[in-house]
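K.L.:
Turn this into a model:
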Amino acid sequence: MLLTLGVTAGYESDVSQVEQILCAAAAASDRVLKDPAPAAYLANFGPDGLEFTLAMWITDPAAGQLSLKSQINVRILEGLRQAGIDIPYPQRVVHMK
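P.N.:
Just a heads-up that it's a prediction; the model follows:
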């Protein structure tokens, strides 16, 4: 089964480095197939940052997907923080008259 995750990184981020971190986070799980290997794509130029999609095939969807997504998200967060890559949050400007 194909499983995807969305991740947003700051516009100043090195795209290939982010993609590498995402793929490594997925590949570290024994539930993620090695062939085809996980793949990360720059999917969109979002309002708050670069939006990536991580795609991976998993061996056992019946074992649950939420726990696997959580494990991979934790690895992604750790990897991005270690690399000093900004994880943006929505910011809006309000003009008062």
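K.L.:
How about the backbone phi and psi for residue 55?
P.N.:
phi -120, psi 130 (degrees, to the nearest 10).
K.L.:
and if you look at residue 57?
P.N.:
The phi/psi pair for residue 57 (degrees, to the nearest 10) is phi -100, psi 130.
K.L.:
Repeat that for residue 58.
P.N.:
According to degrees, to the nearest 10, residue 58 has phi -110, psi 150.
K.L.:
Enumerate every residue touching it.
P.N.:
The neighbours of residue 58, taking CB atoms under 8 Å, 6 or more residues apart in numbering as the test, are 1, 3, 31, 32, 33, 65, 68. To be clear about C-beta, it is placed using only N, CA and C from the backbone, and glycine gets the same treatment.
K.L.:
cool, and residue 16?
P.N.:
Neighbour list for residue 16: empty [criterion: CB under 8 Å, 6+ apart].
K.L.:
mind checking pLDDT for it?
P.N.:
For residue 16, the pLDDT comes out at 98.
K.L.:
Buried members of the contacts of residue 58 into ChimeraX, please.
P.N.:
Of these, the buried ones can be selected in ChimeraX as follows, counting by 16 or more other CB atoms under 10 Å:
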select :3,31,32,33,68
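K.L.:
State the distance from residue 72 to residue 86.
P.N.:
Applying CB to CB, to the nearest Å, the value for residue 72 to residue 86 is 20 Å.
K.L.:
Compare those two (neighbour count), which wins?
P.N.:
Shown here are residue 72 and residue 86; by other CB atoms under 10 Å, residue 72 has more neighbours (24 against 15).
K.L.:
how far away is the more buried one from residue 23?
P.N.:
Distance of residue 72 to residue 23, given as CB to CB: 11 Å.
K.L.:
what about the residue lying closest to residue 7 once chain neighbours are set aside, neighbour count?
P.N.:
Spatial nearest neighbour of residue 7, chain neighbours left out: residue 52 (4.8 Å); criterion: CB to CB, 6 or more residues apart in numbering. Around residue 52 there are 23 other residues, counting by other CB under 10 Å.
K.L.:
With that, I have no additional questions.
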